[in-house]
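Engineer: Next come a sequence and a model predicted from it.
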Amino acid sequence: MAKKQQAILKNQNAKKSKVVEKKPGSVEVFIMGKSYKVPAGLTIMKALEYAGYRYIRGCGCRAGFCGACSTIYRKEDEQKLGFDLACQKVVEDKMYLVQLPFVPATKAEYDIEKIDPKDSTMLEMYPEIARCVSCNTCTKSCPQDIEVMKYIQRAVRGDIKKCAEISFDCIQCGLCAMRCPADIKHYHVSQLARRLRGKYLDPKSKNLANRLKEIDNRKYDNEIEKLIKMDKKEIKEKYKKRKIEAEETGTGGG
Amino acid sequence: MKLIEGYPEYMMKSIKLVEKKREDNMATPVKPMSMKARDEVLSKYHPDYMKGTKRELKIGIDKGTILYNGIVDLLEARTVIDPKDVDLSKIDYDVDLLVIGGGGAGTVAALFAYDSGVPLEKILIVTKLRHGDANSMMAQGGIQAADRPEDSPSLHYLDIYGGGHFTNKPELARALALDAPGIISWHEELGVMYDRQEDGEFQELSGGGTCRNRMHSCKDYSGMEIMRNIRDKARNLEIPTLEFAPVAELIMDDKGQIAGGVAFNLETMEYHVIRAKATILATGGSGRLHLANYPTTNHYGATGDGLIMAYHAGANLIDLDTIQIHPTGDAYPEPLVGILSTEKIRGLGAIPLNKNGDPFVFPLEPRDVESATFIQECKKGRGIVTPTGMPGVWLDSPMIDIIHGEGTIETKLAGEVRKFKRFGIDMTKHPILVYPTLHYQNGGVEINEKTETKIPGLFAAGEVSGGVHGKNRLMGNSLLDFNVFGRRSGIYAAKYVKKAKIGKLTLNHLDKYNKMLEKANIKPKKSAPIILPEYRGEKAISRALDIF
């Protein structure tokens, strides 16, 4: 998998550098089947805008975090469908593009306070995960390269911790759920696993509990009040003289 | 042009210098600057201090104050809604609490309003795009909270106030510092997966301008993880949420109170009249205005709508004479220009270097100072210029694995590694090229500790509000801000709702505003708020017809 990606990347770079040589280069893309010429090197998102599209749906953070711009493409004469984010993927010549800005996928409703994180919890909340046929289509369609099938298998086995860990980088675009032959809603399943892990399974901070008690007992009220009342010159001096931990340890901390 | 591991040959040559000097650079760190040196570099190289970026506002309650040009342009534009076009006698949604904006602040506000007794069916979140589409989702580095024994909320306060050049509203800075540990505890209850040590204590890093390591993180997806949790809770509760329907103007009543808003369905183009006893403005920032012509890290919907509609209704604005440019926006490759590389990279120990591989600044100065030194280095010809003409300096990311052990970058900066890998760049092996990018709206609608604005019935929280950060925000304090003040706005708005009585609805304030423009002899070509930025190709726009 990793090797294959590297090969693809290498291939892309080779193409990109060619394009740079014969600038101003342009490529032909097909937006829902219709041909447009756009400058090479643009992301799919910017290419659509260049062509005259103004986004309402299918565009969010424009930086790969929100999952609004999932895009499906196939290059002319290629067998395989490609899956990626329009804001991250650069257009290639003869790419056929369609966006999928919304995914119908019901989420289980729950009160996290009332769930017991048992081995069977994931199966009880999302019974359809038992239908996973391990076809790995979900993993292949993930623009984040998450091992989606693997975390579903962990959920089936009741390993909430591992399911949460593997799925952590999920941007909830929903492409996995659209491709799944067993109708699993992967990204909702892993959301529950992460919340259960964060709430019940990870050990808690004692420092935080102590600090909360101190704040409840109003330990810092006077100190801060004093800082607020200090005249500008005095507080500037205090600020200037404060010791900086990162400087003393030589690095940005632990 | 041939690329070697993602970089052109001439850039790779500079990288070789970086590699050669790496050991020395790590052994002899640059010291923090004196206050005087900070002021000097800011005054010469930061857009806040440059001529031509700002001008005086000619109308409204803040007439005479200096603001960034791009904001003045919008404040001196016509109101986007003509009151004649709206029938206020037909109310589409009649609620106790209207929350404008479905990002971090808005969602937290709705959750705490519900906790404080506003019935679910009497809350309405309206949002421009999808619920959760916000800068909150994109924050990578982390969230500040003073919870270690060697730290204290007082030190956090001092950092906030000094970082803001002593211009913050002290009571807001205090709320931010003192509420912080409680917010982390609430996140624990929700199930946020913070990075922890084996004993359960948080892994805490330093951020620019902070005197203690107090940045809590969730890999480099901190904002996403927090937003996923609060949104999941809102969805489980089924808090009524209207997506793709931004509020375009506020509604007032005959007693001078805010009484809801006119929402605009982006897909069907129809308007909805929303009547509400209290309204929380949580519309976020304004990076997409590209002030001072900077590229931006911001979300597509960050067009400053809240500032404009609040000002139309008579609320005042503060600290909009400053913008936050984040030092480490991506400068290469071209498709990534303007996108953020998290401050956590420096927090973990990476040092900024010039084209000769030499360090020139303490890596963790406050953001405005750090940015100004990057600009200075490039203006003095010691930056690297990309094939598309973008200047930048190196951020020597491989140092992180040397300091913390191999594999640290891949686990702690998974998102960053993934981003660069798409373009054949391996940031665990090679440095990345960065240049300041427009990141945060420091100021906004002025609020008090209860998140009240000047106008009764209107509360504000998150990036749209002003006063918390003064003229410069420190890293890790914006995730904190939307939680602290989102929570407060929910609680105080819920209290307000119990006593509020709404009179007759009106949009007269918009007529008045347009008349004010006429009187000041301003002839606006545009209307505002603008709702979405315009990125269509020039050719496509120039030949567009409005015929159906």
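Structural biologist: It's in.

Engineer: Tell me the spacing between A:D216 and B:P181.
Structural biologist: Spatial separation of A:D216 from B:P181 under the definition CB to CB, to the nearest Å is 10 Å. C-beta here means a position set from N, CA and C on the backbone, and glycine is covered the same way.

Engineer: of these two, who's got more company?
Structural biologist: When A:D216 is set against B:P181 and neighbours are counted by other CB atoms under 10 Å in any protein chain shown, the residue ahead is B:P181, at 25 against 9.

Engineer: What are the boundaries of the helices in the stretch 201-350 of chain B?
Structural biologist: Remark: helices of the stretch 201-350 of chain B, listed N- to C-terminal, are B:222-237, B:305-312, B:344-347; assignment by DSSP state H, counting those that start in this stretch.

Engineer: Reformat the ones you listed as a markdown table; add mean neighbour count, mean pLDDT and distance to chain A.
Structural biologist: As requested, the helices of the stretch 201-350 of chain B are arranged in a markdown table below (neighbours: other CB atoms under 10 Å in any protein chain shown; pLDDT from 0 to 100; distance: least, CB to the nearest CB, whole Å):
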| stretch | mean neighbour count | mean pLDDT | distance to chain A |
| --- | --- | --- | --- |
| helix B:222-237 | 23 | 98 | 5 |
| helix B:305-312 | 27 | 98 | 15 |
| helix B:344-347 | 29 | 94 | 4 |
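
Engineer: Let me have these in a markdown table, extended by distance to A:R57.
Structural biologist: Formatted as a markdown table, those follow (distance: least, CB to CB, whole Å):
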| stretch | distance to A:R57 |
| --- | --- |
| helix B:222-237 | 18 |
| helix B:305-312 | 18 |
| helix B:344-347 | 31 |
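
Engineer: of all those, which lies closest to B:A500?
Structural biologist: Distances from B:A500 to each of the helices of the stretch 201-350 of chain B were compared using CB to CB; the minimum, 18.1 Å, belongs to helix B:305-312.

Engineer: which outside residues touch the closest one?
Structural biologist: B:60-62, B:71, B:74-75, B:79, B:100-101, B:128, B:246-250, B:261, B:281-284, B:286, B:317, B:320, B:444-445, B:453, B:455, B:458, B:460, B:464, B:509-510, B:513, B:528-531 (CB atoms under 8 Å, 6 or more residues apart in numbering or on different chains).

Engineer: one more time with 7 Å
Structural biologist: Contacts with helix B:305-312, where a contact means CB atoms under 7 Å, 6 or more residues apart in numbering or on different chains, come from B:60, B:71, B:74-75, B:79, B:100, B:246, B:249-250, B:281, B:283, B:286, B:317, B:444-445, B:453, B:458, B:464, B:509-510, B:513, B:528-529, B:531.

Engineer: How about stretch B:197-208?
Structural biologist: Outside stretch B:197-208, the residues that reach it (CB under 7 Å, 6+ apart) are A:203-205, A:207, A:245-246, A:252-254, B:141, B:144, B:148, B:194-196, B:213-217, B:343-344, B:347-348, B:364-367, B:370, B:474-476.

Engineer: And for stretch B:54-73?
Structural biologist: Judged by CB under 7 Å, 6+ apart, the contacts made with stretch B:54-73 from elsewhere in the structure are B:53, B:75-76, B:289-292, B:304, B:307, B:311, B:314, B:316-317, B:320-321, B:323, B:516-517, B:520, B:522.

Engineer: Can you tell me which of these are buried?
Structural biologist: Neighbour counting over the contacts of stretch B:54-73 (16 or more other CB atoms under 10 Å in any protein chain shown) leaves B:53, B:75-76, B:289, B:291-292, B:304, B:307, B:311, B:314, B:316-317, B:320-321, B:323, B:516-517 as the buried ones.

Engineer: what's the angle from the strand ranked longest in chain B to helix B:305-312?
Structural biologist: Among the elements of type strand in chain B, defined by DSSP state E, the one spanning the most residues is strand B:271-281. With axes from the mean of the first three to the mean of the last three CA atoms, to 10 degrees applied, the angle from strand B:271-281 to helix B:305-312 works out at 90 degrees.

Engineer: Direction included, what does strand B:271-281 pair up with?
Structural biologist: Based on DSSP bridges, the pairing partners of strand B:271-281 within the sheet are strand B:93-100 (parallel), strand B:258-264 (antiparallel), strand B:458-460 (parallel).

Engineer: would you list those strands in a markdown table and tack on mean neighbour count?
Structural biologist: Below are the strands paired with strand B:271-281 laid out as a markdown table (neighbours: other CB atoms under 10 Å in any protein chain shown):
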| stretch | mean neighbour count |
| --- | --- |
| strand B:93-100 | 24 |
| strand B:258-264 | 26 |
| strand B:458-460 | 29 |
